[in-house]
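> build the 3D model from these lines:
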Amino acid sequence: MAEGGPAGPEGAKRARRIAGAALPLYLTMVASSAASLVDTAVLGRHATASLAALAVTLAVFGPATAAVSGAMRGVVPFVAGHKDDADELLPVLRNGMWLGICVGLPGAAAVASVPLIGRAGGAPRTTLDALGVFPYLLACSVLVMSAASAATSALVGLGRGRTVMRSGMAGTGAAVVLPLVLVGGVGSFEGLGLPGAGIAMLASGAINASLAHLQLRRHAVPAGRPLRPGRPRPREVIELAGVGVPLAATVLVKFAVLGVLAFSAARVSTDGAAVHSICLSLVNLMFGAAVAVGQATVPLMAVPVKAGDVREVRRSVRAGVLVALCAVCALALLLVAARTPVVSLFTEDTGLREQVLDLLPVVLLVVLADAVQAVFGFGLIGIRHTVPSLVVFAVCYGLLALVALPVGTAGGLGALWLSLAGANLLLLAGQAWSFRRRSAALAAPEPGAGDGDPPSRGRVRRDAPAGPTEGSRP
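Coordinates of the predicted model:
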């Protein structure tokens, strides 16, 4: 068996555990994505100005919430490392709540500033006038979402994926039903228009957050002990932020560069912009499976990370890679088999459909490379070293941003997507190398640490094996 590779009955068992934990997380993501389309559809029928105002606000709200979610993923390995010790776990949960507050406030401030951002960006006056209280409702939603992410990340660390799915589905149900009533109205109630959509999103997030915190109390907090942030512990919150904040920055880098690609596609032609948007939607649908698998892999790494067992850490990540590849390949085969009806859901234009189908092989290469690099990225989360991911993303996607406009102009949409595939392949190599290099350090004790000193991120205590174990060389 290759060093660190998943093989035999133990490897199959590990893969089944990851798949079982990932499935409810993926279903939650798909349901949430589908529910988000309801607002667009309902507002599109209500008023064009309202739909334009929604688009302007979501241009800031989307990256803000993605960055908050990314930051809160940094809590998962800390929770997983203490899930069997309630006394040690409770401070981690409270520090996670403080981290959620710290990252949620800037995100909320950014969303509340949408009217100023829109004015500076030259948005039409009619669109700005239609905003009303909507950005402020979504700013509150960011704060609520950060509280929900603190709880759901903790539940993921505890291996409670089904619990996350239940609370997420309840919030999704509200996100589907409430806009139909609050935006367009029912009976004698004429509806609230765009503010109704904001209230629906805020209520949906509050339901999700409330149920997630109730479940967290049930599964993680001893009876009679409070689950509230309490007094902040800056040093411990900073330790969580040291893992989570680079993840948030990585998400923002990816969003920014994908925005450059969208602009380059729009310069190609109007049809090119539409085809690019459809292809990105297909990628996101399949890529969500890899994100779910990566999240499910992190708790599995907690015990070997504590023990400094490099081989088991790597086996867990390789099992995650295998499960992610199987999941994405299965979705890709389903897409290829039903390509015409699936693409027809996005457009009825025969010409656009043909262009999307022509790009499909490159799209599948993009998502396969992205899926594998994502699991290695979650492996870095598991060993609490996320700065390498940020550096690799900044380099690979930075190069992509530099070439996107000239490549799109010279070679069209096909060349643009080939450049994205190349960036993702480089990203995969960088993430895999970073994980291998950083995981090798798990077997070595912290230089100069005393017997009673706590381990730093990615390290083990002095009583761990001092020499490199088999498979620990980079």
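> could you list the low-pLDDT ranges of the stretch 201-350 of the chain?
222-224 (pLDDT under 70).
> need the helices for it, in chain order.
Secondary structure of the stretch 201-350 of the chain (DSSP state H, counting those that start in this stretch): helices at 234-268, 270-300, 302-307, 310-337, 339-344, 350-382.
> in CSV: those helices, plus distance to residue 26.
C-beta: built from backbone N, CA, C; applies to glycine. Compiled in CSV, these are given as follows (distance: least, C-beta to C-beta, whole Å):
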stretch, distance to residue 26
helix 234-268, 18
helix 270-300, 4
helix 302-307, 21
helix 310-337, 8
helix 339-344, 18
helix 350-382, 12
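> what sits against the residue nearest to the spatial centre of the chain?
By C-alpha atoms, centre = their mean, the chain has its centre lying nearest to residue 70, at 5.6 Å. By C-beta atoms under 8 Å, 6 or more residues apart in numbering, residue 70 lies in contact with 244, 247, 248, 250, 251.
> secondary structure element holding it?
helix 48-73 (DSSP states H and E).
> buried ones in that helix?
49-54, 56-61, 63-73 (16 or more other C-beta atoms under 10 Å).
> contacts for stretch 162-170 next, please.
Here stretch 162-170 has contacts from 24-25, 27-28, 31-32, 148, 151-152, 155-156, 207-208, 211-212, 215, 219, using C-beta under 8 Å, 6+ apart.
> if we use 6 Å, what do you get?
24, 28, 152, 155, 207, 208, 211, 212, 215 (C-beta atoms under 6 Å, 6 or more residues apart in numbering).
> and the average pLDDT for it is what?
Mean pLDDT, stretch 162-170: 90.
> chain center to it, what's the gap?
Offset of stretch 162-170 from its chain centre (C-alpha atoms, centre = their mean, to the nearest Å): 16 Å.
> return it as PDB; C-alpha atoms alone will do.
Output of stretch 162-170 as PDB, limited to C-alpha atoms (Å, rounded to 0.1, in the frame of the first residue of the first chain):
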ATOM      1  CA  ARG A 162     -27.800  15.400  10.200                       C
ATOM      2  CA  THR A 163     -28.500  17.900  12.900                       C
ATOM      3  CA  VAL A 164     -27.000  20.700  10.600                       C
ATOM      4  CA  MET A 165     -29.300  19.400   7.800                       C
ATOM      5  CA  ARG A 166     -32.400  19.600  10.000                       C
ATOM      6  CA  SER A 167     -31.800  23.100  11.100                       C
ATOM      7  CA  GLY A 168     -30.800  24.200   7.600                       C
ATOM      8  CA  MET A 169     -33.800  22.600   6.000                       C
ATOM      9  CA  ALA A 170     -36.100  24.400   8.500                       C
END
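> burial measure for residue 127, as a count.
Applying other C-beta atoms under 10 Å, we find 19 residues neighbouring residue 127.
> which strands and helices sit next to the helix or strand containing it?
Assessed by DSSP H and E, residue 127 sits inside helix 125-131. On a contact count with 3 or more C-beta pairs under 6 Å, 6 or more residues apart in numbering; DSSP states H and E, helix 125-131 meets helix 48-73.
> from residue 323, how far off is residue 17?
9 Å (C-beta to C-beta, to the nearest Å).
> with neighbour numbers in mind, choose between these two.
Legend: neighbour count by other C-beta under 10 Å for residue 17 and residue 323, higher for residue 323 (28 against 18).
> contacting residues for that one?
Each residue near residue 323 by C-beta under 6 Å, 6+ apart is listed here: 15, 18, 19, 293.
> out of these, which is most surrounded?
Going by other C-beta under 10 Å, residue 293 tops those with 31 neighbours.
> so that residue touches residue 320, yeah?
Yes: Residue 293 is within contact range of residue 320, at 5.4 Å (criterion: C-beta atoms under 6 Å).
> and the helix or strand harbouring residue 89, what does it pack onto?
According to DSSP H and E, residue 89 maps onto helix 86-112. Using 3+ C-beta pairs under 6 Å, 6+ apart as the contact test, the elements touching helix 86-112 are helix 48-73, helix 134-157, helix 234-268.
> and residue 49, what does it touch?
126, 130.
> and the gap between it and residue 416?
For residue 49, the distance to residue 416 - C-beta to C-beta - is 32 Å.
> what packs against the helix or strand hosting residue 41?
According to DSSP H and E, residue 41 maps onto helix 8-46. Packing contacts for helix 8-46, counted by 3+ C-beta pairs under 6 Å, 6+ apart, involve helix 48-73, helix 161-182, helix 270-300, helix 310-337.
> JSON lines for those helices, including distance to residue 138?
Formatted as JSON lines, the helices and strands packed on helix 8-46 follow (distance: least, C-beta to C-beta, whole Å):
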{"stretch": "helix 48-73", "distance to residue 138": "5"}
{"stretch": "helix 161-182", "distance to residue 138": "13"}
{"stretch": "helix 270-300", "distance to residue 138": "21"}
{"stretch": "helix 310-337", "distance to residue 138": "31"}
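> those: which one's closest to residue 228?
Of all those, helix 48-73 sits nearest to residue 228, with 17.4 Å by C-beta to C-beta.
> can you pull out the low-pLDDT segments for the stretch 51-200 of the chain?
187.
> go again with 90.
Scanning the stretch 51-200 of the chain for pLDDT under 90 picks out 51-60, 62, 81-91, 117-132, 158-163, 172-198.
> most distant residue from the centre of the protein?
residue 188 (40.7 Å).
> now residue 111, nearest residue through space, not along the chain?
Leaving out its chain neighbours, the residue that sits closest to residue 111 by C-beta to C-beta, 6 or more residues apart in numbering is residue 139, at 4.4 Å.
> so how far is residue 168 from the one you found?
22 Å.
> thanks a lot, see you next time.
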